[in-house]
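J.: model this:
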Amino acid sequence: MQVYSSSLIIDKQAQLPVYIQLANQLMAMVKAGTLQPGHRLPSTRQLATWLSLHRKTVIRAYDELLAQGWLQSHTGSGTFVAGHLPVTKPRPLIHNSPDVAKIAGFSIKEAPHLQRKIVDLNIDLHLDDGFPDTRLAPVTELSRAYRTQLLTGNPYTRLGYADPKGSEWLRTELATYLNITRGLRVTPANILIVRGTVMGLYLTCTGLLQHGDTVVTAEPGWAGAEANFLQAGANLLKVPVDEYGLDVDRLDELCSRQTVRMVYVTSHHHYPTTVALRPDRRVRLLELAQKHGFIVFEDDYDYDFHYQNKPLMPLASADDAGMVLYCGAFSKSISPAIRVGYLVGPENVIEHLGQLRRTIDRQGDSMLENAMAELLQNGVIQRHLRKSLRVYQQRRDFFCGLLNDNLKNYVQFKVPEGGMAVWTYFDSGIDLNRLAQNALKKGLYFQGENSPLSPNFTRLGFASSTPTELEQCVAVLAKLLEK
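T.: Numbers count the residues shown, from 1 in each chain. Next up is the predicted model:
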């Protein structure tokens, strides 16, 4: 009795049913060697009395352990710990140990490129990396369309398995939309629906790169893309970016010395500097792709927001040789929570990557995808983007005016032609990371130095804040810098 009363602790107020608590704790006693194989358990009546439980609760716990093979019942003799279990050397039971499941019993190889901090943006003021204002998102229309997908149609197909390449309806609507807005010439067979650009990158790296392949990115560049290339075992090389985008002459020189498998580029608004790849360099990049046989992965993360004139057409629109994989997502144009993106490429590549997608994600959220298809078909997304474009342009102009009026002695920048952030240089005498830490104490988030290779540069996102909020952000920075 003493063994059971000291080892079994039942909380009748807990959400977990009492019989499950009892079964789990008896199982733990067996695992710890407190109860050895062949040990006879108390009768259900005895144990119920000792623990002040209803006898039926104990019966259910015993039945659960009998079904799982931990106990054996012999008619007329009682209930015993199963004899086929291995004998375990008794060790003390530790209830609610804080160390349980923190450290694995096996080794893992740490990967420095995966050690990327996750930022908590639950803060009132933010000059973020360039995120949309989710308050503008067409949530009412989206929720209505999603509800329709949940409640109408054949439930077997509506709530069942679907094509791993994504909703056929959404791929059809996207083909029309991309052909009109981006000058592409694609069909639904050229489109793979993904949960965002990162998933498109991951599938591309896993499906098209071999360990040791060389991938070229821009310098400075996006750590998220570089992490995927390094995780795939690629040899990562970098080509500088100037005021006209990626230096394609340097790329040509590099390709003449070694085989390059893929070039990653953010051609429309280079991340993080926001500069556009000049038209002559776009033509040259496509020529180099054919000449040297490398894949061009075109990440068009914020194509919809270009303010000076009409956006430049993507590289994919002029790709006649099937060298470009074009990727975009609604997470940057509507909301990060809308995990719907698209990877566009030759049909055989999309088929191959669609098969690969099944190994990590059988399919996406078909109801969300169909809801997005409905919004595209009805023009809701197009109207949202036109409205957001006007709002973000006004915020860009207002924010740049604030920087000039209040921080001109501390920062330098060029007004971006597009995108949702300003690539900003802080005076070399300013400790940018320390400034970011002090700003956070005042309720303002910005990411500090963008990378060690871009000293005292950072992106200051304006799109997700109202003019009033932008004024408050700049006021916090001005006060800290004037100290």
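
J.: now the chain, which segments are flagged as low pLDDT?
T.: The model of the chain has pLDDT under 70 over residues 91-101.

J.: Just want the most central residue of this protein.
T.: Val198 (6.4 Å; C-alpha atoms, centre = their mean).

J.: correct me, but that one touches Trp222?
T.: No: in this structure, Val198 is not within contact of Trp222 by C-beta atoms under 8 Å, at 10.1 Å. Placement of C-beta: from N, CA and C, glycine included.

J.: Check the gap between Ala373 and Arg195 for me.
T.: 16 Å (C-beta to C-beta, to the nearest Å).

J.: quick one, which of the two is more surrounded?
T.: The neighbour count for Ala373 versus Arg195, taken as other C-beta atoms under 10 Å, is higher for Ala373 (24 against 18).

J.: From Ala223, how far out is the more buried one?
T.: Noted for Ala373: a distance of 32 Å to Ala223, by C-beta to C-beta.

J.: for Thr359, same thing?
T.: Counting by C-beta to C-beta, the gap from Thr359 to Ala223 is 25 Å.

J.: Pick out whichever of these two has more residues nearby.
T.: Between Thr359 and Ala223, counted using other C-beta under 10 Å, the more crowded position is Ala223 (15 against 11).

J.: May I have the phi/psi pair for the more buried one?
T.: When read as degrees, to the nearest 10, the backbone of Ala223 gives phi -60, psi -30.

J.: ok, and the closest non-adjacent residue to it?
T.: Arg116 (6.2 Å; C-beta to C-beta, 6 or more residues apart in numbering).

J.: Let me see the ranges of the strands in the stretch 301-450 of the chain.
T.: 324-329, 341-344, 411-413, 421-426, 444-445 (DSSP state E, counting those that start in this stretch).

J.: Could you export those strands as TSV, including distance to Glu243 and mean neighbour count?
T.: Output for the strands of the stretch 301-450 of the chain, formatted as TSV (distance: least, C-beta to C-beta, whole Å; neighbours: other C-beta atoms under 10 Å):
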stretch	distance to Glu243	mean neighbour count
strand 324-329	24	26
strand 341-344	28	26
strand 411-413	13	17
strand 421-426	11	22
strand 444-445	29	21
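
J.: what about the nearest residue to Asn235 once chain neighbours are set aside, how many neighbours?
T.: Spatial nearest neighbour of Asn235, chain neighbours left out: Thr214 (4.6 Å); criterion: C-beta to C-beta, 6+ apart. Counted with other C-beta under 10 Å, the neighbours of Thr214 add up to 19.

J.: Output the contacting helices and strands for the helix ranked longest in the chain.
T.: For the chain, the helix that runs over the most residues, judged by DSSP state H, is helix 380-407. When contacts are defined as 3 or more C-beta pairs under 8 Å, 6 or more residues apart in numbering; DSSP states H and E, helix 380-407 packs onto helix 366-377, strand 411-413, strand 421-426, helix 467-481.

J.: go with 6 Å
T.: When contacts are defined as 3 or more C-beta pairs under 6 Å, 6 or more residues apart in numbering; DSSP states H and E, helix 380-407 packs onto helix 467-481.

J.: Pull out the buried residues from the helix it packs on.
T.: Glu469, Leu470, Gln472, Cys473, Val474, Val476, Leu477, Ala478, Leu480, Leu481 (16 or more other C-beta atoms under 10 Å).

J.: What are the neighbouring residues in contact with the residue nearest to Leu453 when sequence neighbours are not counted?
T.: If the residues on either side of it in the chain are set aside, Leu453 comes closest to Pro220, at 5.6 Å by C-beta to C-beta, 6+ apart. With contacts defined as C-beta atoms under 6 Å, 6 or more residues apart in numbering, the neighbours of Pro220 are Pro272, Ser451, Leu453, Ser454.

J.: hmm, try it at 8 Å
T.: Val241, Pro272, Thr273, Asn450, Ser451, Leu453, Ser454, Phe457 (C-beta atoms under 8 Å, 6 or more residues apart in numbering).

J.: just checking, Gly166 touches Ile193?
T.: Yes: contact criterion C-beta under 8 Å: Gly166 and Ile193 qualify, at 2.5 Å.

J.: which neighbours do those two share?
T.: Common neighbours of Gly166 and Ile193 (C-beta under 8 Å, 6+ apart) are Tyr342, Gly364, Glu369.

J.: Pull the number of nearby residues for the second one.
T.: In terms of burial, Gly364 registers 24 neighbours under the definition other C-beta under 10 Å.

J.: from memory it sits against Asp163, does it?
T.: No: taking C-beta under 8 Å as the definition, Gly364 is not a contact partner of Asp163, at 9.6 Å.
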